[in-house]
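S.K.: Model the structure of this input:
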Amino acid sequence: MNYFSVVLSCLILILLTASLMYILGRKISYNYILYNGPISLGVGLIFFLGKIVFFETRNTIESGADIAITLILLFVWLVALIETIVVEVIVNGNEIKTSIRNMQTQLKSWDIKKIKERF
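M.R.: Below is the predicted model:
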């Protein structure tokens with residue numbers, strides 16, 4: 001891969017990340033701060049994996065360091081993603097409970113014999 005294609009692919013990924021962050025900020029601005037960390041770490045992980053795949057650094061000390069850094073980034077990204085999901089569930093827990101209760105009442109109100117007759 002030549003230098004121009006690397007710079008072009010990095011710019012495209014940066015623009016895609018910026019547009020995704022903008023969309024998240026417009027659509028769900030109250031939780032924007034929650035999604036910022038996992039998205040940024042995920043994009044950083046993609047950049048680093050791209051570096052490992054497209055650049056010839058095999059059988060060197062740098063390749064071992066790259067693998068170690070990739071594993072650390074992956075672990076931190078997973079922790080940030082789990083943290084975001086947990087916080088989202090805690091913040092919207094009452095809404096989730098209400099939705100589950102509504103779904104249970106709707107399921108109980110269905111007549112199973114009528115459903116069987118349709119099929």
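S.K.: Surely Leu74 and Gly42 touch.
M.R.: No: using C-beta atoms under 8 Å, Leu74 is not in contact with Gly42; the gap is 9.7 Å. For every residue, glycine as well, the C-beta is placed using N, CA and C.
S.K.: contacting residues around the helix or strand Ser99 falls within?
M.R.: For Ser99, the enclosing helix or strand under DSSP states H and E is helix 93-109. The contact list for helix 93-109 (C-beta atoms under 8 Å, 6 or more residues apart in numbering) reads Val89.
S.K.: pLDDT of that helix, averaged?
M.R.: Average pLDDT, helix 93-109: 78.
S.K.: can you give me how far it is from the chain middle?
M.R.: Distance of helix 93-109 from its chain centroid, counting by C-alpha atoms, centre = their mean, to the nearest Å, is 27 Å.
S.K.: Buried ones in that helix, by neighbour count?
M.R.: Using 16 or more other C-beta atoms under 10 Å as the test for burial, helix 93-109 gives no buried residues.
S.K.: now stretch 68-80
M.R.: 73, 77, 80.
S.K.: just the strands in this structure please.
M.R.: Using DSSP state E, no strands are found in the chain.
S.K.: Any regions of the chain where pLDDT drops low?
M.R.: Residues of the chain meeting the criterion pLDDT under 70: 1-3, 28-32, 56-58, 110-119.
S.K.: which stretches of it form helices?
M.R.: 3-27, 32-54, 61-91, 93-109, 112-118 (DSSP state H).
S.K.: Tell me which of those helices sits most buried.
M.R.: Among the helices of the chain, helix 32-54 has the highest mean neighbour count (mean count of other C-beta atoms under 10 Å), at a mean of 15.
S.K.: Alpha carbons of that helix, as CSV, please.
M.R.: Output in CSV follows, covering the C-alpha atoms of helix 32-54 (Å, rounded to 0.1, in the frame of the first residue of the first chain):
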residue,chain,number,x,y,z
TYR,A,32,-24.0,11.4,23.6
ILE,A,33,-21.2,11.4,26.2
LEU,A,34,-21.9,7.7,26.9
TYR,A,35,-21.3,6.6,23.3
ASN,A,36,-18.3,8.8,22.7
GLY,A,37,-15.8,6.6,24.5
PRO,A,38,-16.7,3.2,22.9
ILE,A,39,-17.0,4.7,19.4
SER,A,40,-13.6,6.5,19.7
LEU,A,41,-11.9,3.4,21.1
GLY,A,42,-13.5,1.2,18.4
VAL,A,43,-12.3,3.5,15.6
GLY,A,44,-8.8,3.6,17.2
LEU,A,45,-8.8,-0.2,17.3
ILE,A,46,-9.8,-0.3,13.7
PHE,A,47,-7.0,2.0,12.8
PHE,A,48,-4.5,-0.1,14.7
LEU,A,49,-5.7,-3.3,13.1
GLY,A,50,-5.4,-1.6,9.7
LYS,A,51,-1.8,-0.8,10.6
ILE,A,52,-1.0,-4.3,11.5
VAL,A,53,-2.7,-5.8,8.4
PHE,A,54,-1.4,-3.4,5.8
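S.K.: Nothing else from me, thank you.
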